[in-house]
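S.K.: Pasting a predicted model and its sequence here:
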Amino acid sequence: MQDIIIKKPITGGKIGKPLKYPDPLEFQRKVNQYFDWCDNQSKKVVTSVKDGKLVPKPYTVSGLCVYLQIDSETLSEYGKRPAYSDSVKNAKKRIENWLEEAALTGAVNPIFSIFSFKNNFGWSDKQEVKFNGNLALSTVLKEVQGDEY
C-alpha cells in the first residue's frame, strides 16, 4: 500500500510572484537609470531627424518597462503600493511631459501622441454640458417638436 501525502495549504501569506524590486529605493534607482540611459543614447545615436533637427531617444512607458524587465501590468501593480506609488507616478509624469513637449514641437506624430496620452496617461476627449437646473418642460418640447407645441 502506498502512503498518501496531504500537504497543508498555505494560509495567511501573500499570493503571487515575489517583487522583482523588493526595495523601493532600488526601484527608484532603476527608474532614474532608465531616464539617464535614454539621455545618454540621444548623445551617442541619432534616433531620427525631423526637418534637420535631432529627435532624442524618447521616454516611453514601454521603454521603462523593458528597461526594468517588467510588463506594464506589473508597473501598474507597483504603482498601487504605497512605497512605490510616488516613483511610478513621477516616472509616468516625466514620460507624459516628454511626449507632450515633443508633440507640441512637432517632434512626434500627433496621432501617436493622442493615442499614447489616452492609453497611458488618462487623457480623454469629452464635451462638457453645463446645466443650471432651470429648464422648463415647454422649452424642451419646443426644441424637440419645434414651434408647433
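M.R.: Thanks, I have the structure now.

S.K.: can we go C-alpha only for contacts and neighbour counts from here?
M.R.: OK.

S.K.: For stretch 82-90, give me every contacting residue.
M.R.: By CA atoms under 8 Å, 6 or more residues apart in numbering, the residues outside stretch 82-90 that reach it are Pro24, Phe27, Gln28, Val31, Leu75, Ser76, Tyr78, Gly79.

S.K.: which parts of the one helix or strand the third one maps to are buried?
M.R.: Yep, that's Gln28 we're talking about. Remark: Gln28 resides in helix 24-44, with elements defined by DSSP states H and E. For helix 24-44, the buried set under the neighbour-count rule, 16 or more other CA atoms under 10 Å, comprises Pro24, Phe27, Gln28, Lys30, Val31, Tyr34, Phe35, Cys38, Ser42.

S.K.: Who are the packing partners of it?
M.R.: Helix 24-44 makes packing contacts with helix 61-68, helix 82-104 when contacts are defined by 3 or more CA pairs under 8 Å, 6 or more residues apart in numbering; DSSP states H and E.
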